[in-house]
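Undergrad: Give me coordinates for this.
(chains A and B)
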There are 2 protein chains.
Amino acid sequence: MHTRAAEIIAIGDEVLRGEIVNSNAALIASALEDVGWCVVRHTVVADDTEAILAAFREARARIVLVSGGLGPTRDDITSECAARHFGVRRVLDEEVLEGIRAFFERVGYPMSENNRNQALFPEGAVILRNPLGTAPGFRLSRGEKHFFFVPGVPREMARMLHAEILPFLEGILPEGAHRAVTLLRTFGMGESRLDERLEDVTAGVAGVTIGFRTQFPENVVRIVADGRDRAEAEERLLRVRTEVERRLGPMIVAEGERTIEEVVGALLTERGLRLATAESCSGGLLAHRITNVPGSSVYFERGVVTYSNEAKTQWLGVPAEVISAHGAVSDRVAIAMAEGIRKIAGADLGVGITGIAGPGGAAKEKPVGLVYIALATEGGTQVQKQQFFGDRDRVKTWSTAVALNLIRLYLLDLAGPSSLR
Amino acid sequence: MHTRAAEIIAIGDEVLRGEIVNSNAALIASALEDVGWCVVRHTVVADDTEAILAAFREARARIVLVSGGLGPTRDDITSECAARHFGVRRVLDEEVLEGIRAFFERVGYPMSENNRNQALFPEGAVILRNPLGTAPGFRLSRGEKHFFFVPGVPREMARMLHAEILPFLEGILPEGAHRAVTLLRTFGMGESRLDERLEDVTAGVAGVTIGFRTQFPENVVRIVADGRDRAEAEERLLRVRTEVERRLGPMIVAEGERTIEEVVGALLTERGLRLATAESCSGGLLAHRITNVPGSSVYFERGVVTYSNEAKTQWLGVPAEVISAHGAVSDRVAIAMAEGIRKIAGADLGVGITGIAGPGGAAKEKPVGLVYIALATEGGTQVQKQQFFGDRDRVKTWSTAVALNLIRLYLLDLAGPSSLR
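TA: Got it, this is the predicted structure:
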């Protein structure tokens, strides 16, 4: 048996029938890989005793993560199946029962008799706490092999994984197999150019590999460092990461799961500046992304979606002659939109976006995907012409990413390199 | 062997490691279930000969859908493994090779020697065309058991599934096992109330079942009708569906995969009316959703995100006294926003949304999730007070759904019940 092999089993008719996408498996797999485990199989089976027992029997990996089927209803038979698979009976855990009772008192619902079932565990199970719901998880071990049972509700599962399971798994990793991982999100450079730029970046540092993945419209650099223990893995990671950062500089927009809108928000807050946006083809997506960040009301003054030419003229002061001479999709109009919204909102930064999101609206010399993006600031206005490819959704997303990146680069330049990312 | 059992196998390290969520499996499962097959297992395995062969061997269902590993690189070994599993050699298909050559000429890229591999198929395979890419799929059958091999790229896979595989599968369904399915999307009624309202709705019609699923913020009613043949299944479906429609009336917002913003767009187009929006807490998401619909520039005049009070006063004419007397989050301000945007934009319909998306911004008597939504029309202005629960994202989504539904109900009323949904 591969000493770092892991397997993931999801139990549930809804996942099986495609009513729910199995995003739990991706989340678990990614977390396991990041701490040095190697995922060899995912399986999904029905809420059915025979199917579940077959999946347990066929699991060959050293660790097996089973999600779902721990709820209070009759469908929820994972715990029973676990007991059968391990050949033990189920016993009541008084402490868990008390916790479930307290939970129902707190939320003010009556506790049903079924919820009592959630306090029954296979004998010998180590209970995994669930502060976010009524279904605790548990671990059953036999020798070197460990089964973990977690709820199917994603946030309950994720919490249990990070608080209870990953620390345990790190403890049982074989000598020399510890791992540290980081993700650096880049924008504006294709994978092959990134690859070139990072050639030999791991030279002289053992146990480190670099990988790339696309999370449109960003390209993510994943640095994986293995070491005999965590300290060694982290030291190796830091060495390579420092060199990657030196080579890519401001192409790196964010780290880990942080978004570019969060980075822009932190920079605006730090600099004490306010922003206003004027959108045409991106249709409000830029304002939506900016306002997804809690606290954005501090730096976001207003946004406007000027789909009609009248709105561009009336609110932003884009001269009707400019629109008729150059067309609504032109660098001149993008600049006038950015400068207009900056002025009327009394903001420090103004953004203007105009383009053709498609599928309709293309004209001679103005194909679908042609977008102009302008940023007006105290020091002047810059504009970018972009030719994007893909459907409406993709053009909208790409346009707003370019706009956010323009803002980010401007704010970084404003006061020298910042540590904010 | 269950005569309607189906199994789904995904091949690929990226899915296995959690870099990509296995949304293909959900899509395939849902399509298979909808035509009467019963999905009994999903599996994901690595790009590894032993792992793939083991998954093929363990597949017990009558039909097996295998996705991924058909590309031109060395990782792509699905076709080789299929040949080994079926004990046949691989042969070159001249027609496919010619198609690949033509594809590369059309896109202007040189064809690599590796692409030739994509024209090699296990002997006896029936080729499944792929008009969207270079990797054709194929079917291998032995007696009553059928393996289908499809590309991992979602849109190529989906096209092949619908154009080539589902019609074949319908043809081999056992007598009496044909199925017709419809999804009716409802808004504004919880699952338990829906359940009550639809009690006994299938009475007197054999072979029909009703299910519910939540796709926040909508509740979806799924009607499944089985029959001896397609005609009988569809006739049964229609009978129950007509009764469900009668009982739920305008609670049904859309059918199938159609979105409420598409429905609203079609109604506005049909009525020849124009819309403008003024958003605060929803931060541009309403404009974004509306402009996601191709052709929305016909009926969407403009939108504004007035995060600051100045913007509300300056652009929408919301009196500063109203804001200071009632607060920015109040029915009075929502109404003034809706009426203000309608007037200044010269639109037929104006929407105003103001609320507290959270996590910050709550005040005494104004908790997170409190949102006012107003619709101004020729005939007057209506306003709704809502108390939503959940995080920022959820409050934004819910607010815009209520706004879209208000518009939809108004437009339906305008000219009596419409067939548009």
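
Undergrad: Show me what secondary structure element comes after the helix or strand of chain A with the lowest mean pLDDT.
TA: One helix or strand of chain A scores below all others by mean pLDDT, DSSP states H and E: helix A:113-116, with a mean of 81. Next helix or strand after helix A:113-116 toward the C-terminus (DSSP states H and E): strand A:120-122.

Undergrad: which strands and helices sit next to the least confident helix or strand of chain A?
TA: Applying 3 or more CB pairs under 8 Å, 6 or more residues apart in numbering or on different chains; DSSP states H and E, we find helix A:113-116 packed against helix A:94-107. From N, CA and C alone the C-beta is placed, and that goes for glycine too.

Undergrad: give me every residue that touches the closest residue to A:Asn115 other than its chain neighbours.
TA: Nearest residue to A:Asn115, sequence neighbours excluded (CB to CB, 6 or more residues apart in numbering or on different chains): A:Pro72, at 4.8 Å. Contacts for A:Pro72 were tallied using CB atoms under 8 Å, 6 or more residues apart in numbering or on different chains; they are A:112, A:114-115, A:117-118, A:134-135.

Undergrad: tell me which parts of the stretch 301-421 of chain A are close to chain B?
TA: Contact residues (CB under 8 Å from any CB of the partner chain) of the stretch 301-421 of chain A with chain B: A:301-308, A:310-311, A:314-315, A:344-346, A:357-361, A:392-393, A:396.

Undergrad: if you look at those, which of them are in strands?
TA: In strands, defined here by DSSP state E, the members of those are A:301-305.

Undergrad: so can I have TSV of these showing pLDDT, neighbour count and distance to A:Ala25?
TA: Putting those into TSV (pLDDT from 0 to 100; neighbours: other CB atoms under 10 Å in any protein chain shown; distance: CB to CB, whole Å) gives the following:
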residue	pLDDT	neighbour count	distance to A:Ala25
A:Glu301	96	24	43
A:Arg302	96	26	42
A:Gly303	97	29	38
A:Val304	97	30	42
A:Val305	97	33	38
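
Undergrad: thinking again about what came up before, which element is the residue nearest to A:Asn115 on?
TA: Following DSSP H and E, there is no helix or strand that holds A:Pro72.

Undergrad: Would you check how far apart it and chain B are?
TA: According to CB to the nearest CB, to the nearest Å, A:Pro72 stands 17 Å off from chain B.

Undergrad: now A:Glu255
TA: A:Glu255 is 17 Å from chain B, where distance means CB to the nearest CB.

Undergrad: now do A:Gly317
TA: Distance of A:Gly317 to chain B, given as CB to the nearest CB: 13 Å.

Undergrad: Return the members of the residues of the stretch 301-421 of chain A next to chain B classed as buried.
TA: A:301-308, A:311, A:314-315, A:344-345, A:357-358, A:361, A:392, A:396 (16 or more other CB atoms under 10 Å in any protein chain shown).

Undergrad: Verify the contact between A:Leu32 and A:Val39 for me.
TA: Yes: if you go by CB atoms under 8 Å, A:Leu32 and A:Val39 touch, sitting 5.7 Å apart.

Undergrad: Give me every residue in the stretch 1-150 of chain A that's in contact range of chain B.
TA: A:14-23, A:25-33, A:39-46, A:51, A:58.

Undergrad: Now with 7 Å, please.
TA: A:16-19, A:21-23, A:25-27, A:29-30, A:33, A:39-46, A:51, A:58 (CB under 7 Å from any CB of the partner chain).

Undergrad: Where does the prediction get shaky in chain A?
TA: A:1, A:415-421 (pLDDT under 70).

Undergrad: quick check: domain ranges of it?
TA: Domain segmentation of chain A under automatic domain parsing yields A:5-171, A:178-255, A:260-415.

Undergrad: highest average neighbour count across those domains?
TA: domain A:260-415 (a mean of 21; mean count of other CB atoms under 10 Å in any protein chain shown).

Undergrad: from the chain's centre, how far out does that domain sit?
TA: 25 Å (CA atoms, centre = their mean, to the nearest Å).

Undergrad: Closest to A:Glu95 out of the ones in strands among the residues of the stretch 301-421 of chain A next to chain B?
TA: Within these, the smallest distance to A:Glu95 is 52.0 Å, found for A:Gly303 (CB to CB).

Undergrad: quick one: that closest one and B:Gly284 touch, right?
TA: Yes: contact criterion CB atoms under 7 Å: A:Gly303 and B:Gly284 qualify, at 5.6 Å.

Undergrad: if I look at the two, which residues touch both of them?
TA: A:287, B:305 (CB atoms under 7 Å, 6 or more residues apart in numbering or on different chains).

Undergrad: my guess is A:Ile52 is in a helix, correct?
TA: Yes: assignment of A:Ile52 by DSSP: H, G, I helix; E, B strand; the rest coil places it within a helix.

Undergrad: pretty sure it is touching A:Val45, no?
TA: Yes: with contact defined as CB under 7 Å, A:Ile52 counts as touching A:Val45 (5.8 Å).

Undergrad: anything in contact with each of those two?
TA: A:Ile11.

Undergrad: beta partners of the residue of the stretch 101-250 of chain A found nearest chain B?
TA: Here the residue of the stretch 101-250 of chain A nearest chain B is A:Arg213; by CB to the nearest CB that distance is 5.4 Å. Beta bridges link A:Arg213 to A:Val220, judged by DSSP bridges.

Undergrad: swap in A:Val39?
TA: When bridges are called by DSSP bridges, A:Val39 pairs up with A:Ala6.

Undergrad: for A:Gly295, what are its contacts?
TA: B:Gly360.

Undergrad: Can you tell me what sits against the helix or strand A:Leu238 falls within?
TA: In this structure, A:Leu238 is located in helix A:230-248 according to DSSP H and E. Taking CB under 7 Å, 6+ apart as the criterion, the residues outside helix A:230-248 that touch it are A:178-180, A:182, A:184, A:186, A:197-198, A:201-202, A:205, A:207-208, A:221, A:223, A:225-227, A:252.

Undergrad: quick one: it to chain centroid distance?
TA: Distance of helix A:230-248 from its chain centroid, counting by CA atoms, centre = their mean, is 22 Å.

Undergrad: most centrally placed residue in chain A?
TA: Chain A has A:Glu257 as the residue nearest its centroid, 5.0 Å off, counting by CA atoms, centre = their mean.

Undergrad: Report the secondary structure state of it.
TA: Using three-state DSSP, the structure places A:Glu257 in coil.

Undergrad: Which of the helices or strands spans the residue lying closest to A:Tyr299 once chain neighbours are set aside?
TA: Leaving aside its sequence neighbours, A:Tyr299 sits nearest to A:Leu268 (CB to CB, 6+ apart; 3.9 Å). According to DSSP H and E, A:Leu268 maps onto helix A:260-271.

Undergrad: Next SSE downstream of that helix?
TA: Remark: after helix A:260-271, the chain's next helix or strand is strand A:275-279, criterion DSSP H and E.

Undergrad: Measure how that following strand sits relative to strand A:300-305, angle-wise.
TA: 0 degrees (axes from the mean of the first three to the mean of the last three CA atoms, to 10 degrees).

Undergrad: which outside residues touch strand A:275-279?
TA: A:268, A:286-287, A:299-306, A:316, A:337-338, A:340-342, A:345, A:347, A:349-353.

Undergrad: same check, this time on stretch A:77-86
TA: The contact list for stretch A:77-86 (CB under 7 Å, 6+ apart) reads A:11, A:47, A:49, A:52-53, A:56, A:66, A:68-70, A:89-90, A:120-122, A:140, A:142, A:147, A:149.

Undergrad: The residues you listed in strands, which ones?
TA: A:11, A:66, A:90, A:120-122, A:140, A:142, A:147, A:149.

Undergrad: between those residues, which is nearest B:Ile127?
TA: Among the ones in strands among the contacts of stretch A:77-86, and counting by CB to CB, the member closest to B:Ile127 is A:Ile11, at 36.5 Å.
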